[in-house]
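Participant: Would you be able to build a 3D model of this:
(2 chains)
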2 protein chains.
Amino acid sequence: MSKRIGVGLLGLGTVGTGVASILTNSQDRHPLVSELELKRVAVRDLSRRRALSLPETLFTSDVQDVVDDPSVEIVVEVMGGIEPARSMILRSIALGKSVVTANKALIARYGDEIASAASAAGVYVLIEAAVGGGIPIIEPLKQSLGANRIERVSGIINGTTNYILTRMEKEGVAYKDVLNEAQKLGFAEADPSADVEGMDAADKISILSGLAFGGLVDREKIPTEGISSLQSRDIGYARKLGYCIKLLAVAERFDSKEERIDILDLGIRVQPTLVPFDHPLAGVNGVNNAILIEGEPIGEVMFYGPGAGAGPTASAVVADILNIAGINKIGGSKTGLDPLLSAKSWRKCTLINKAETLQRNYIRLTAKDSPGVIGSIGTCFGKSGVSIQSIVQFDTTDEHAEIVVITHKVKDGEMQNALASINASSGIAGIEAHLGCL
Amino acid sequence: MSKRIGVGLLGLGTVGTGVASILTNSQDRHPLVSELELKRVAVRDLSRRRALSLPETLFTSDVQDVVDDPSVEIVVEVMGGIEPARSMILRSIALGKSVVTANKALIARYGDEIASAASAAGVYVLIEAAVGGGIPIIEPLKQSLGANRIERVSGIINGTTNYILTRMEKEGVAYKDVLNEAQKLGFAEADPSADVEGMDAADKISILSGLAFGGLVDREKIPTEGISSLQSRDIGYARKLGYCIKLLAVAERFDSKEERIDILDLGIRVQPTLVPFDHPLAGVNGVNNAILIEGEPIGEVMFYGPGAGAGPTASAVVADILNIAGINKIGGSKTGLDPLLSAKSWRKCTLINKAETLQRNYIRLTAKDSPGVIGSIGTCFGKSGVSIQSIVQFDTTDEHAEIVVITHKVKDGEMQNALASINASSGIAGIEAHLGCL
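Facilitator: Now for the predicted structure:
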């Protein structure tokens, strides 16, 4: 057998344990797995008992020991958080070691810095596990879709919120109750805000967009809305109109009138969105994720699978290790980097102003149930240039009626104007919900 | 700009034209596309007018001109058929040129010969377009799932039959009528037998199985059944029981009692199969394809998209060209082949005897409508060791009743015994249909 390839692990939580378990049990997997050897593992607490038995000599509580160990050729960062993950990745790169990381928050924010460092040092930083858990999506974007002019990337890329939404829809339970149960079952964190407020999905769509369109945008500027204020009644009304509600992350190209060959304008957003029942993303339930890519000439392709979990995520991490090991076998990066695998940015991408983004909208209003109210809502929308597809009156009490409006595609700026004028209108008690609509 | 990479095209039909159109219009695609240059194109008829205008000097009617042209570094075979495709691929390999092909019939039959030649010559033969049209499935199997012990690959991998089945189901039209219309619309060939008899799907599952499990089986021995004798009434009954009917191709590992570490037993089949409405493959309609991979630790992942068509297939072909170009930029195969991309067989796989394969079954019988007939059917199945999940009586006329039986998972040998004894039983007029059931 040829010389084995040394792997160092930063972190031995759920994903780290999954990775170690594959590396130490290679039977029936691709034969290249048996050429990987776990050389060093950094853990926070050396005294803790672990599910997987590994030789004591592998462990250290100092992450830098792993990075600096000369027998470690590939560094796997699965500890999460910004620091010391970022420093350790940069240190590994500086030492000429390729890196595998599942750290979406880090890559969404420091992806350019890390990519530049990797490119200068002639090493790879692979991130398949950062988006979509076990679903192969990063590598296909890099290695299988390059012939295409990508139009749009849209996806359900947060398992926690999709689990909550699925249960709210199937069982008619309120958000708070499902969240509590999800936390008990381990599908939601004790502090669920990164998931339920859409921040995790925004990290991931930022990364997908960077690969699909060739450049990262400013992560912090991505308009992001979560599901924490979503009400069951909107799920019910959507259902009656032929839609389910999903937390959708979307990145789409936006061709400006001026031809700017080197800059691409993108609209990116994370938002609870109505999805028609016959849309491919509508059937994605529970903790599953799916990413839909639209482009020319491919049309639509979708990647579907488990969006989280130790096993699936470890599958993605080890896939990245194998890709680096495969390249190492043919001389590594001595002769340069494979441009597909290294996936350097190749153009500047910028976010368009939110007011300029185009989409369909779902609005729920409470109105005084007077005969003229539907007409006056129609007039408000019309004056702001918002074209309505449907307007339906639901529950009516003595005092109020609930009215749901679905618009055609309109600019968000015009939509905001219409909502302001409706809010000021005397027949309207309030705008209760405003969601996106595919 | 660095030196451009010369591409030669064997064939300029639908897919070839799609490829040429991407290569000659690189704007907005991955920048590596602009480094590819179409150098030579072999066509059958030089005088034919073409949709895409290319310099006359590119054309030749002799395929060998393309292969032998020293400016052609990558040979793209999109002419189809066994010969001269096979000879030209082997000749390209012998000349040290990597090859991209969409030829599933060729790879399913001569994949081992071609892979050995490529490995000996140190070149790549990439085949993304051979299965699933534009869907990235070959490269993800090679490059993204190697950490897994694959359990099963199942898919809808023939667009023509899926188009026919979808229309039969949605409109209740008979097979013959839909086929005629599909032929008029260009969704089915004038001679549709390779599609409707399941041969095309068998070629493709053979290739997928080879990559998923590490070795090709004997293509000609794959049990293959098409949809040409499928009746609308079975689609209707399946629907009432909660299933749709799909032409499914399945390859699954079959762990024999004796541990044989270097040989893996596989059950592979192509067969019209009942798929429960809530199964991920049930929603795959029209000319779309989808491939579901099950493995440990990943669980289930699915790849979905357009299974045919010039654009999608060209997207897959150009993806392969880009992968070779990417490797060429880092020194090509001078230092050996990347084991993931070259995907050499790594173990022997054999087909198990059909009688040993396990599956659920759907049977439709016509029975004389006598009170005891359901009991006697149950007895026949029971004596052969076939456990029944449901038995339902549908349309009853004066003389006959239609009875549909769905079994639990049983060995095909036992199933055949049960059917023989039922056929011999006096209350039974005939066994009208026998399909698989997920």
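Participant: can you point me to the longest strand in chain A?
Facilitator: What stands out as the longest strand in chain A, according to DSSP state E, is strand A:263-276.
Participant: in it, what counts as buried?
Facilitator: A:264, A:265, A:266, A:267, A:268, A:269, A:270, A:271, A:272, A:273, A:274, A:275 (16 or more other Cβ atoms under 10 Å in any protein chain shown). For the C-beta atoms, the positions are set from N, CA and C on the backbone; glycine is no exception.
Participant: what's the closest of these to chain B?
Facilitator: residue A:264 (8.4 Å; Cβ to the nearest Cβ).
Participant: in chain A, which residue is closest to the centre?
Facilitator: residue A:204 (3.0 Å; Cα atoms, centre = their mean).
Participant: That one against residue A:104, yeah?
Facilitator: Yes - counting by Cβ atoms under 8 Å, residue A:204 does reach residue A:104; the two are 5.4 Å apart.
Participant: what sits in contact with each of those two?
Facilitator: A:130, A:131 (Cβ atoms under 8 Å, 6 or more residues apart in numbering or on different chains).
Participant: which secondary structure element contains residue A:79?
Facilitator: Using DSSP states H and E, residue A:79 maps to neither a helix nor a strand.
Participant: Run a quick neighbour tally on it.
Facilitator: 22 (other Cβ atoms under 10 Å in any protein chain shown).
Participant: That one and residue B:284, how far apart?
Facilitator: Taking Cβ to Cβ, to the nearest Å as the measure, residue A:79 falls 39 Å from residue B:284.
Participant: try residue A:204
Facilitator: Residue A:204 is 25 Å from residue B:284, by Cβ to Cβ.
Participant: Report all helices and strands that the longest helix seen in chain A contacts.
Facilitator: When chain A is scanned for its longest helix (criterion: DSSP state H), the result is helix A:310-329. Judged by 3 or more Cβ pairs under 8 Å, 6 or more residues apart in numbering or on different chains; DSSP states H and E, helix A:310-329 is in contact with strand A:5-10, helix A:14-23, strand A:36-42, strand A:74-77, strand A:98-101, strand A:125-126, helix B:138-143, helix B:339-342.
Participant: could I get those as TSV with distance to residue B:212 and mean pLDDT?
Facilitator: Shown next, in TSV, are the helices and strands packed on helix A:310-329 (distance: least, Cβ to Cβ, whole Å; pLDDT from 0 to 100):
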stretch	distance to residue B:212	mean pLDDT
strand A:5-10	23	97
helix A:14-23	17	96
strand A:36-42	20	97
strand A:74-77	25	98
strand A:98-101	23	98
strand A:125-126	22	98
helix B:138-143	6	97
helix B:339-342	14	94
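Participant: among the ones you listed, which is nearest residue A:158?
Facilitator: Closest approach to residue A:158 among the helices and strands packed on helix A:310-329 (Cβ to Cβ): helix A:14-23, 16.5 Å.
Participant: Other residues contacting that closest one?
Facilitator: Contacts for helix A:14-23 (Cβ under 8 Å, 6+ apart): A:7, A:9-10, A:12, A:29, A:33, A:36-38, A:41, A:50-52, A:54, A:76, A:78-79, A:102, A:129, A:309-311, A:313-315, A:317-318, B:147, B:297.
Participant: After the longest strand of chain A, heading C-terminal, what element do we hit next?
Facilitator: strand A:288-296.
Participant: Not counting its neighbours along the chain, what's nearest the closest residue to chain B within the stretch 151-300 of chain A?
Facilitator: Ranked by Cβ to the nearest Cβ, the top residue of the stretch 151-300 of chain A for proximity to chain B is residue A:297, at 2.8 Å. For residue A:297, ignoring the flanking residues on the chain, the nearest one in space by Cβ to Cβ, 6 or more residues apart in numbering or on different chains is residue B:311 at 2.8 Å.
Participant: Any idea how many residues pack against the one you found?
Facilitator: Counted with other Cβ under 10 Å, residue B:311 comes out at 21.
Participant: Check what pLDDT it gets.
Facilitator: According to the prediction, residue B:311 has pLDDT 95.
Participant: Run through the residues that contact it.
Facilitator: A:296, A:297, A:298, A:299, B:18, B:134.
Participant: hang on, the earlier thing: separation between the residue nearest to the centre of chain A and residue A:357?
Facilitator: Taking Cβ to Cβ, one finds residue A:204 at 19 Å from residue A:357.
Participant: now do residue A:238
Facilitator: Taking Cβ to Cβ, one finds residue A:238 at 21 Å from residue A:357.
Participant: Dihedrals phi and psi, residue A:136?
Facilitator: Note on residue A:136: backbone dihedrals following degrees, to the nearest 10 are phi -70, psi 110.
Participant: Skip the chain neighbours and tell me the closest residue to residue A:111.
Facilitator: residue A:216 (5.4 Å).
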